[in-house]
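Undergrad: only geometry, no sequence info:
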């Protein structure tokens with residue numbers, strides 16, 4: 001991956017997280033239903049639409065799987081959009097694209113300042129990146 005592609009990748013994943021889990025699920029449904037996507041006739045889009053109906057009250061949970069799906073979706077809704085693992089993974093991608101650990105740390109911390117506020121873990125340090133890079 002080139003450095004420019006890595007920055008685009010970072011922006012894309014940050015944008016997806018900022019959307020929230022419900023909007024991401026609806027986006028996946030839309031993309032899977034698009035005429036140019038060769039998705040199975042009864043596949044992931046159907047499952048996501050059933051989950052969407054459960055979550056917005058158009059359908060009541062009838063099975064154990066329905067209740068598990070709802071619990072997982074609620075946990076995802078309640079979770080902070082960004083955690084340390086998310087940022088460390090993005091940092092590793094930047095380093096894999098040729099950024100030095102210091103550059104990756106600086107980029108990640110600058111993005112975090114703009115999107116996180118009080119929603120995140122402590123800033124990433126070069127020592128944490130060295131542990132995950134090695």
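TA: All right, it came through fine. These figures come from a predicted structure and were not determined experimentally.
Undergrad: Beyond the host helix or strand of residue 77, next helix or strand please.
TA: Applying DSSP states H and E as the criterion places residue 77 in helix 64-78. Where DSSP H and E defines the elements, the next helix or strand beyond helix 64-78 is helix 84-96.
Undergrad: ok, and for that next one, which residues are buried?
TA: The neighbour-count check on helix 84-96 (16 or more other CB atoms under 10 Å) flags 86-88, 90-91, 93-95 as buried. For every residue, glycine as well, the C-beta is placed using N, CA and C.
Undergrad: got a markdown table for the residues you listed, with pLDDT too?
TA: Shown next, in a markdown table, are those (pLDDT from 0 to 100):
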| residue | pLDDT |
| --- | --- |
| 86 | 92 |
| 87 | 94 |
| 88 | 95 |
| 90 | 95 |
| 91 | 96 |
| 93 | 96 |
| 94 | 97 |
| 95 | 96 |
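Undergrad: can you tell me which of the residues you listed lies nearest to residue 45?
TA: Nearest to residue 45, judged by CB to CB, of the buried residues of helix 84-96 is residue 86 at 25.7 Å.
Undergrad: Do I have it right that that closest one meets residue 17?
TA: Yes - if you go by CB atoms under 8 Å, residue 86 and residue 17 touch, sitting 7.0 Å apart.
Undergrad: Which positions in stretch 47-64 come out as buried?
TA: 48-49, 51-52, 54-55.
Undergrad: Out of those residues, which sit inside helices?
TA: 48-49, 51-52, 54-55 (DSSP state H).
Undergrad: Let me have the buried residues of helix 84-96 in TSV, adding distance to residue 24 as columns.
TA: Shown next, in TSV, are the buried residues of helix 84-96 (distance: CB to CB, whole Å):
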residue	distance to residue 24
86	14
87	18
88	21
90	17
91	22
93	19
94	23
95	26
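Undergrad: I am finished for the moment; much appreciated.
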